[in-house]
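Student: no FASTA, just this:
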C-alpha cells in the first residue's frame, strides 16, 4: 500500500511540474506574453535622445536612441533586431516610447538633442 501511495505522489508531483513548464512555455514562447525592452532611432533635432559610450563634448560619434517597452507579441521584428528606422507606439496598447530625462537616465547614459534637461 505504501508503494502505491509513493508512486501516486511522485506521479502527481511530476504532473504538476510538467503543467507549470508547459504553461510557462505557452506564455513566453508561443504567446510571447512578456515585456520587450529595446531601443529605436531618435532624432535629436526633434526630441531629447539617449546616447551612451561617447563623449558629447568632443563631438564624438554618438548614436542617439529612444527606449521602447512593448509586449513582445506586438513588437515588429525590426525592433528586436535593432534595425527599425522609425518606430511608433500607435496601435500598440501596451507600448511606451521614452525620451531622455533626468529620471530616465541609467549609468553611462547622457541626453542630447531638443529639450535636453538642464541645457537652457
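Tutor: Looks like it arrived, so ask away. As the structure is a prediction and not an experimental result, all values here were calculated from the model.

Student: Now the residue positioned nearest the centre of the chain: which helix or strand?
Tutor: The C-alpha lying nearest the average C-alpha coordinate of the chain belongs to residue 37 (Cα atoms, centre = their mean; 0.7 Å). Counting by DSSP states H and E, the element that carries residue 37 is strand 35-41.

Student: Tell me which helix or strand comes right after that strand.
Tutor: strand 48-52.

Student: what distance separates that next one from the centre of its chain?
Tutor: Distance, stretch centre to chain centre, for strand 48-52: 16 Å (Cα atoms, centre = their mean, to the nearest Å).

Student: List of residues touching the helix or strand just after that strand?
Tutor: Downstream of strand 48-52, the next assigned helix or strand under DSSP H and E is strand 65-71. Residues lying outside strand 65-71 but in contact with it, judged by Cβ atoms under 8 Å, 6 or more residues apart in numbering, are 32-42, 47, 49-51, 75, 79, 87, 89, 92, 94-100, 104. No exception for glycine: its C-beta is placed from N, CA and C like everyone else's.

Student: ok so, going back, quick one: the strand holding residue 37 to strand 65-71, angle?
Tutor: Our comparison of strand 35-41 with strand 65-71, counting by axes from the mean of the first three to the mean of the last three Cα atoms, to 10 degrees, yields an angle of 150 degrees.

Student: Quick one: mean pLDDT for strand 35-41?
Tutor: Here strand 35-41 scores 85 as its mean pLDDT.

Student: buried sites along that strand?
Tutor: Of the residues in strand 35-41, 36, 38, 39, 40 count as buried by neighbour count, 16 or more other Cβ atoms under 10 Å.

Student: ok, back up a step: now the buried members of the contacts of strand 65-71.
Tutor: Using 16+ other Cβ under 10 Å, the buried ones in the contacts of strand 65-71 are 36, 38-40, 42, 47, 49-51, 75, 79, 87, 92, 95, 97, 99-100.

Student: pLDDT weak spots in the protein?
Tutor: Counting by pLDDT under 70, the chain shows low-confidence ranges at 1, 23, 25-32, 55-60, 80, 82, 117-120.

Student: how is it carved up into domains?
Tutor: 1-31, 34-120 (automatic domain parsing).
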